[in-house]
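Peer 1: model this:
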Amino acid sequence: MSNGPDSIGLIAGNRALPLEFARQARRLGIKRIVAVAFTGETDPRLAAFVDEIVWLKVGQLTKMLHAFASRGIRQCVMLGQIAPKNLFELRPDLRAMKLMLKIKEKNAHSIFSAIADELHKEGIELVEATPWLKPLMPEAGFALGPKLTATQRQDVSFGFRIAKRIAELDTGQTVVVKDLTVLAVEAFEGTDNCLVRGGALAGKTGGAVAVKVAKHGHDMRFDIPCIGAQTLETCAGNRIRVLAFEAGKTILLDQDQCAQLAQRHRIAVVAVATTE
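Peer 2: Okay, the predicted model is just below:
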């Protein structure tokens, strides 16, 4: 990363991914990190990992753009999510309101693409965070916990195909299946709630298989598939026995903790190649 920027902006949503990015970026040579954080969403601990943090409310697009432009930031990344309910309860400023009115289909790709365009107008480039996060994105062959049974392998292959089709529709990235039957498809509620629904529909014995993918041609500047210890805890609490994800395109946070959880709860965690 020696040829990368010395300074970078971070649009930080919730959970641990923005913190992990800041750690990795610093380790790989970024000297200055300016973060834009959102009240009620971003983990306050992020302040300890960046040089400066600017707190905003969701929807304050003008202030976000000014926070970067006034500090000389020319490249930024976008990581972490915003709780779905806050996207509908936000009070956008005038610039954000105009942006939202121009978007016909309001999904992650269309909204974040529009934000990237607004950043570009201010001379700020939204870039992929993957160069700094690659060590957290396992390749094919990665596995934690017990080995897959023949039945589970079939369900993983089936779920992968279904998840890819769902992702192409911009519906979500995750499906839950069992015995070649689709139990749940992720939509606006997010991965964890999809796992809860799918686990409940697997019957008293549980044993469902969850699969998470990226869509073909996925714009890795935003909405990178991401799982971690919380995902494993949700699987365990809902008797899901397999968590499969697309190799090389999914971030796995808390890897040591995930290994412990996979062993303790007997959950197979596997990276699946796109060709499977």
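
Peer 1: Surely residue 79 and residue 16 touch.
Peer 2: No - assessed by Cβ atoms under 8 Å, residue 79 is found out of contact with residue 16, at 9.9 Å. Quick note: C-beta positions are derived from backbone N, CA and C, even for glycine.

Peer 1: contacts for the one helix or strand residue 36 maps to?
Peer 2: Using DSSP states H and E, residue 36 sits within strand 32-38. Strand 32-38 has contacts (Cβ atoms under 8 Å, 6 or more residues apart in numbering) with 6-13, 18, 22, 25-26, 42, 44, 46-47, 49-58, 64, 67-68, 71, 73, 82.

Peer 1: Okay, and which of those residues map to helices?
Peer 2: Judged by DSSP state H, helices contain the following of the contacts of strand 32-38: 18, 22, 25, 26, 64, 67, 68.

Peer 1: any idea how far the third one lies from residue 190?
Peer 2: When distances are taken as Cβ to Cβ, to the nearest Å, residue 25 and residue 190 turn out to be 25 Å apart.

Peer 1: Looking at these two, which is more packed in?
Peer 2: Neighbours per residue, other Cβ atoms under 10 Å: of residue 25 and residue 190, the larger number sits with residue 25, 24 against 15.

Peer 1: And the more buried one, how far from residue 32?
Peer 2: From residue 25 to residue 32 the distance is 10 Å (Cβ to Cβ).

Peer 1: For the two, list the residues in contact with both.
Peer 2: In contact with both residue 25 and residue 32: residue 8, using Cβ under 8 Å, 6+ apart.

Peer 1: Where does the residue lying farthest from the centre of the chain fall, secondary structure wise?
Peer 2: In terms of distance from the mean C-alpha position of the chain, residue 204 ranks first, at 30.2 Å (Cα atoms, centre = their mean). Residue 204 is part of no helix or strand, with elements assigned from DSSP H and E.

Peer 1: Ramachandran angles for residue 147?
Peer 2: phi -70, psi 150 (degrees, to the nearest 10).

Peer 1: buried residues in stretch 147-160?
Peer 2: For stretch 147-160, a neighbour-count test (16 or more other Cβ atoms under 10 Å) marks 148, 152, 153, 155, 156, 157, 158, 159, 160 as buried.

Peer 1: Enumerate every residue touching residue 219.
Peer 2: Here residue 219 is in contact with 109, 112, 113 (criterion: Cβ under 8 Å, 6+ apart).

Peer 1: try 10 Å
Peer 2: 108, 109, 112, 113, 116, 126, 128 (Cβ atoms under 10 Å, 6 or more residues apart in numbering).

Peer 1: TSV for those residues, including pLDDT?
Peer 2: Formatted as TSV, the contacts of residue 219 follow (pLDDT from 0 to 100):
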residue	pLDDT
108	70
109	75
112	84
113	89
116	93
126	96
128	95
